[in-house]
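K.L.:
Here you go, sequence then predicted model.
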Amino acid sequence: MIAEFIASIIAKSCYTHEQQMQFAAAGAIQPLVNLLHSGCIKAQEAALDAMATLCRDNSELAYTIISSKSIDSNQLTTATMLDFVKDKSVNVRLIAATCLTNLYRTGVFWEPFNEITLVVLPALVKLLEDTTGDLQERAPLVLADLIKDSEDMQKAAYDADAIPRLVELLASVSCKDADGDADLKLGVPGMGSMARRKEKIKENSLIALAAATLLKEECRSQAIESKVLPHMVSALQAKQPNVRLAACQCAKSLSRSVSNLRTSLVDAGAASPLIKLLQDESLVVQAAACGALCNLALDFSPMKKSVIDAGAVERFVEYSRSTDPELQLNGVWALNSLLYKADLQAKQAVMRVLTYDALVQLLHDPNPAIQEQCLEIVRNLACGQQEDIKEVIDGIGKETLLDVIENKLQVTSNMGIEDDESVTEAAVTYHD
């Protein structure tokens with residue numbers, strides 16, 4: 001069917017916003033909507049896939065799609081997509097869920113669209129258990145897209161038991177002999193090697209778990225109670241950099257927990273592989289590992305000592321001088337975390353490597369986020385006994401310290417902050 005092939009071409013040809021708008025300007029959306037009622041399952045599948053691609057991160061086209069109706073039906077396109085989420089074909093269910101997820105992510109649903117939590121989310125959770133084709137590779141990423149950055153969606157995922165299902169999926173591909181099993185190397189014709197598929201399932205499950213546990217404490221508790229930690233720690237030491245990165249992202253989300261849950265991460269042995277990953281061949285993995293250590297080092301004295309003894313401070317200082325903005329911020333943030341509630345000995349150990357001169361330079365960095373972290377470093381260094389305060393004044397210099405404070409107060413004043421309601425008390429910050 002020609003229309004099916006054209007829809008498939010559209011799905012594989014929209015990688016940029018410009019390409020999306022070009023297809024829309026050519027009049028692609030209405031024929032795709034019409035195809036949803038063609039009665040041909042392959043054409044319907046291709047049309048859903050094309051619309052999912054067209055509306056990804058494109059609110060203009062998303063609004064056009066949700067406002068469209070087929071010439072053969074008075075039903076809104078979103079209602080038709082919801083019907084497909086319940087289709088007997090698991091692949092159609094996943095593609096329809098992907099399309100609705102992409103629409104939802106653009107923010108075009110002005111009113112609460114309850115079917116997202118009542119229909120789409122449960123369908124994705126159920127698909128995690130389906131071993132058909134590559135569903136277990138694809139479904140976790142769609143689920144991650146649906147729930148990331150939203151407390152409400154993460155609460156819905158918690159209620160739907162998405163987290164235990166993701167941990168079960170992760171556990172199923174985390175057996176120690178997975179790489180050495182001869183049967184796995186045979187693979188499945190046309191699908192790539194079984195070992196490669198297991199690697200992708202592991203990576204994508206960890207990405208989904210990172211998204212599911214980012215914002216809500218109850219979600220992190222559920223993940224730890226579901227025994228995710230041994231599999232996550234194992235993944236931190238995986239051969240594949242993409243799996244190591246996903247494991248770092250998961251560790252970073254879980255490390256945002258309250259103290260007793262972060263203790264679980266330390267007890268599970270997460271610290272040592274994270275410290276080793278500061279020397280990883282991939283800068284992206286290094287930055288992610290640094291982000292997780294930022295949170296773990298906040299209020300664990302033994303953890304601070306382990307990080308310092310392992311030479312990680314030198315690495316964090318290197319990051320603080322990096323030309324890569326994310327890596328630089330992570331490095332300064334990690335130093336700040338080490339100094340939070342640290343004893344004088346630990347403070348001195350950090351400052352011997354960082355130096356007060358470098359700290360003053362960073363206090364005037366062009367990036368306001370760097371300045372913020374460095375002001376917190378000064379606060380953390382001075383917090384404690386009289387000798388802690390003296391150490392800071394002697395290290396920075398009284399006149400320089402006063403100049404810095406005056407300069408930052410002037411910046412705050414120029415920002416137009418006029419009342420107390422605009423100012424929040426300085427507090428410990430977890431790394432996102």
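P.N.:
Structure's in. What do you need? Residues are numbered from 1 along each chain as shown.
K.L.:
Please enumerate the helices of the stretch 51-200 of the chain.
P.N.:
59-66, 77-85, 90-105, 115, 121-127, 135-147, 151-159, 162-172, 182-186, 194-212 (DSSP state H, counting those that start in this stretch).
K.L.:
Tabulate the ones you listed in CSV, adding columns for distance to A26, mean pLDDT and mean neighbour count.
P.N.:
Every C-beta, even on glycine, is put in place using the N, C-alpha and C of the backbone. CSV is the format used below for those (distance: least, Cβ to Cβ, whole Å; pLDDT from 0 to 100; neighbours: other Cβ atoms under 10 Å):
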stretch, distance to A26, mean pLDDT, mean neighbour count
helix 59-66, 12, 95, 20
helix 77-85, 19, 94, 20
helix 90-105, 20, 96, 24
helix 115, 30, 93, 17
helix 121-127, 32, 97, 21
helix 135-147, 27, 97, 24
helix 151-159, 34, 95, 18
helix 162-172, 38, 97, 22
helix 182-186, 44, 38, 11
helix 194-212, 33, 95, 24
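K.L.:
got these as a markdown table, with distance to A11 columns?
P.N.:
As requested, the helices of the stretch 51-200 of the chain are exported to a markdown table (distance: least, Cβ to Cβ, whole Å):
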| stretch | distance to A11 |
| --- | --- |
| helix 59-66 | 14 |
| helix 77-85 | 15 |
| helix 90-105 | 9 |
| helix 115 | 23 |
| helix 121-127 | 19 |
| helix 135-147 | 14 |
| helix 151-159 | 25 |
| helix 162-172 | 26 |
| helix 182-186 | 30 |
| helix 194-212 | 20 |
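K.L.:
so which of those helices gets nearest I41?
P.N.:
Closest of the helices of the stretch 51-200 of the chain to I41 is helix 90-105, at 6.8 Å (criterion: Cβ to Cβ).
K.L.:
Packing partners of the closest one?
P.N.:
Applying 3 or more Cβ pairs under 8 Å, 6 or more residues apart in numbering; DSSP states H and E, one finds that helix 90-105 contacts helix 41-55, helix 59-66, helix 77-85, helix 121-127, helix 135-147.
K.L.:
Need those in JSON lines (columns: distance to S253).
P.N.:
Listed next are these as JSON lines, based on distance: least, Cβ to Cβ, whole Å:
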{"stretch": "helix 41-55", "distance to S253": "26"}
{"stretch": "helix 59-66", "distance to S253": "27"}
{"stretch": "helix 77-85", "distance to S253": "27"}
{"stretch": "helix 121-127", "distance to S253": "19"}
{"stretch": "helix 135-147", "distance to S253": "11"}
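K.L.:
Indicate which one of these is closest to A358.
P.N.:
helix 135-147 (37.8 Å).
K.L.:
which outside residues touch that closest one?
P.N.:
Here helix 135-147 makes contact (Cβ atoms under 8 Å, 6 or more residues apart in numbering) with 90-91, 94, 97-98, 101-102, 104-105, 116, 120-121, 124-125, 127-128, 130, 153-154, 156-157, 162, 166, 169, 197, 200-201, 204-205, 207-208, 210-212.
K.L.:
just stretch 228-237 next, same as before
P.N.:
Outside stretch 228-237, the residues that reach it (Cβ under 8 Å, 6+ apart) are 167, 170-171, 174, 176, 202, 206, 209, 243-244, 246-248, 250-251, 254, 264-265, 268-270, 273-274, 276-277.
K.L.:
If we use 6 Å, what do you get?
P.N.:
With Cβ atoms under 6 Å, 6 or more residues apart in numbering as the test, stretch 228-237 has contacts from 167, 170-171, 174, 243, 247, 250, 268-270, 273.
K.L.:
roughly how far out does that stretch sit from the chain middle?
P.N.:
Its chain's C-alpha centre and that of stretch 228-237 lie 17 Å apart, by Cα atoms, centre = their mean, to the nearest Å.
K.L.:
same question for that stretch, mean pLDDT?
P.N.:
Regarding stretch 228-237, the rounded mean pLDDT is 96.
K.L.:
now swap in stretch 280-299 and tell me
P.N.:
88.
K.L.:
Over to stretch 407-420?
P.N.:
So the average pLDDT for stretch 407-420 ends up being 58.
K.L.:
L381 and D394 touch, don't they?
P.N.:
No: checked against Cβ atoms under 6 Å, the pair L381 and D394 is beyond contact range at 11.2 Å.
K.L.:
and which of the contacts of stretch 228-237 is nearest to E376?
P.N.:
A270 (24.1 Å).
K.L.:
Let me see the domain layout of this protein.
P.N.:
As assigned by automatic domain parsing, the chain contains the domains 1-113, 114-177+191-296, 308-432.
K.L.:
I appreciate the help and will end here.
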